[in-house]
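Novice: Just need the structure, nothing else, for what follows:
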Amino acid sequence: MCRSIKTLRRAETAATTGELEAAARQYVRKISGYRTPSARNADVFEAAIADVAASSRRLMEALGVAVEQGPDPMDRPRGEARSPV
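Specialist: Residues are numbered from 1 along each chain as shown. Below is the predicted model:
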């Protein structure tokens, strides 16, 4: 099921809250089968993302990985190339 999920955090740097949210969003989209939820399901979809991001943060911190406030460094405006991971 998750073969196409990519590693979103680089090992040499601290994780960011943006990366954790991006990973959580990718997971919730994959597990739910919906890229965008219906208006009726939007709140539960976003709540699931928040829950997965919080669990991911606890995991990173338990593993000794620093988590910093900040955006997903891999997030680029449409059309701009992403750096290789």
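
Novice: Low-confidence stretches in the protein?
Specialist: Where the chain drops to pLDDT under 70, the residues are 1-6, 8-10, 75-85.

Novice: Relative to the centre of it, pull out the residue lying furthest away.
Specialist: Going by CA atoms, centre = their mean, the residue of the chain most distant from its centre is Arg40, 22.5 Å out.

Novice: gap between the longest helix anywhere in the chain and the chain center?
Specialist: Counting residues, the longest helix in the chain under DSSP state H turns out to be helix 42-62. Here the centre of helix 42-62 is set off from its chain's centre by 9 Å, with CA atoms, centre = their mean, to the nearest Å.

Novice: Begin at 47, not 1, for the rest of this chat.
Specialist: Right, with 47 as the first residue, what we last looked at is helix 88-108.

Novice: Note down every partner strand of whichever helix or strand comes after that helix and its orientation.
Specialist: On the C-terminal side of helix 88-108, the nearest following helix or strand under DSSP states H and E is strand 113-114. Strand 113-114 pairs in its sheet with strand 61-62 (parallel), by DSSP bridges.

Novice: Next up, the contacts around Thr59.
Specialist: Residues counted as contacts of Thr59 (CB atoms under 8 Å, 6 or more residues apart in numbering) are Pro119. (C-beta placed from N, C-alpha, C; glycine too.)

Novice: hang on, it is in a helix, isn't it?
Specialist: No. Judged by DSSP: H, G, I helix; E, B strand; the rest coil, Thr59 forms no part of a helix; its state is coil.

Novice: What's the local residue count around Ser78?
Specialist: Neighbours of Ser78 under the rule other CB atoms under 10 Å: 13.

Novice: For it, give its distance to Ala100.
Specialist: According to CB to CB, to the nearest Å, Ser78 and Ala100 sit 18 Å apart.

Novice: Please apply the same query to Gly116.
Specialist: Taken as CB to CB, the span from Gly116 to Ala100 is 17 Å.

Novice: Could I get the buried residue list for the longest helix of the chain?
Specialist: Buried positions in helix 88-108, judged by neighbour count with 16 or more other CB atoms under 10 Å: Phe91, Ala94, Ile95, Val98, Ala99, Ser102, Arg103, Met106.
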